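# Here is my input, please return the structure:
(one chain, ligands or ions: 1)
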Amino acid sequence: MPMLQTLGLNKRFGGLHVTNNVDLTLEAGEVHCLIGPNGAGKSTLFRLILGEHLPSSGAILFGGEDITSLKPFQRIRRGMSVKFQVPGIFKALSVRQNLEIAMQHHYDPAVLAEEIDKLLEFLNLTEDSTRLAGNLSHGQKQWLEIGMAISLKPRLLLLDEPTAGMSPEETHATGEMVKRLNAQGMTVLAVEHDMAFVRQVAQQVTVLHLGRVFAQGTIDEIVANEDVAAIYLGQTTAHETAHEPAGAPHA
Ligand SMILES: Nc1ncnc2c1ncn2[C@@H]1O[C@H](COP(=O)(O)OP(=O)(O)OP(=O)(O)O)[C@@H](O)[C@H]1O
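Numbers count the residues shown, from 1 in each chain. Below is the predicted model of the structure:
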């Protein structure tokens, strides 16, 4: 049974048809990347999956259960977790305190410290555990957020442009993190522009264009697809800045 399925999903904002009949299937245990030019509808699809938007029509199944009308917290309870681009960490608290806040109500006090230690090690943040989160590097902040998102051991992790603004080294380290999570059984759906990252982690890639599924396949199939290359034409690297991801994938 697939981990996640969207069936004929539509979302309209007034006259704008932003999600157009999207059928997306994520098999359990896969890393799936969602790519597409700016405005293709990637973030909207994410918000539909998480329940921050309700679809105009269509359905969403999570582990076979119809969750279309469930609220975000009910989806999270069922094992979904998300890391958005917008920072969600408490800058004035230490790295460890941030994780404590995310985890304290979900773990027995007897094992909490040990669980946090394990997570800090996974995130390469052990030596930074007493630093204020606001003083971390950009990449480390993103890793702390990933840590908060995985702290409750979700079945499905949604990542919205996890490597935005990162150096190539940080991007690669993030990819390794995702691969280790996946090796432990976590299913991952990531919106991502960085094709090096997509190539590093993705078993399946879906290309969205104008709200529709434009192409789907392995990274090799997607990169070789001339129609996919064509929809990125005109969206050159001129859009890129260090902190603003471009619409076009950069190889
Ligand atoms: N709440 C909203 N109300 C009206 N229009 C919206 C809303 N949210 C998104 N849109 C529109 O839907 C379209 C798709 O937006 P979306 O953010 O989903 O695209 P995206 O693929 O994530 O783009 P990007 O790569 O730039 O983040 C855009 O034209 C956007 O302006």
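# Specify the local secondary structure of residue 205.
What DSSP: H, G, I helix; E, B strand; the rest coil gives for residue 205 is strand.
# Residue 219 is in contact with that one, correct?
Yes. With contact defined as C-beta atoms under 8 Å, residue 205 counts as touching residue 219 (5.5 Å). C-beta here means a position set from N, CA and C on the backbone, and glycine is covered the same way.
# Which element, helix or strand, includes the spatially most distant residue from the centre of the chain?
Relative to the mean C-alpha coordinate of the chain, counting by C-alpha atoms, centre = their mean, the farthest residue is residue 110 (31.2 Å). Assigned by DSSP states H and E, residue 110 belongs to helix 109-122.
# got a list of contacts for that helix?
Outside of helix 109-122, the residues within contact range by C-beta atoms under 8 Å, 6 or more residues apart in numbering are 95-96, 99-100, 103-104, 107, 126, 129, 147, 150-151, 177, 180.
# These: which two are farthest apart?
For the contacts of helix 109-122, the maximum inter-member distance is 24.4 Å, found between 104 and 180 (C-beta to C-beta).
# on that earlier part again, tell me how far the helix holding residue 110 lies from the chain's centre.
Helix 109-122 has its C-alpha centroid displaced from the chain centroid by 23 Å (C-alpha atoms, centre = their mean, to the nearest Å).
# buried sites along the helix or strand following that helix?
Next helix or strand after helix 109-122 toward the C-terminus (DSSP H and E): helix 138-150. Applying a neighbour-count criterion of 16 or more other C-beta atoms under 10 Å, the buried positions in helix 138-150 are 139-150.
# thinking again about what came up before, which of residue 205 and residue 219 has more neighbours?
Neighbour tally, residue 205 and residue 219, criterion other C-beta atoms under 10 Å: the higher count belongs to residue 205, 26 against 18.
# how about the CA coordinates for the lowest-mean-pLDDT helix or strand in the chain, as PDB?
When the helices and strands of the chain are scored by mean pLDDT, DSSP states H and E, helix 226-232 comes last with a mean of 87. The C-alpha coordinates for helix 226-232 follow below in PDB (Å, rounded to 0.1, in the frame of the first residue of the first chain):
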ATOM      1  CA  GLU A 226      13.500  17.200 -23.400                       C
ATOM      2  CA  ASP A 227      10.000  18.400 -22.600                       C
ATOM      3  CA  VAL A 228      11.100  18.900 -19.000                       C
ATOM      4  CA  ALA A 229      14.200  20.900 -20.100                       C
ATOM      5  CA  ALA A 230      11.900  23.000 -22.300                       C
ATOM      6  CA  ILE A 231       9.600  24.200 -19.500                       C
ATOM      7  CA  TYR A 232      12.700  25.500 -17.600                       C
END
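# If you count contacts, what does that helix end up packed against?
strand 204-209, strand 212-217 (3 or more C-beta pairs under 8 Å, 6 or more residues apart in numbering; DSSP states H and E).
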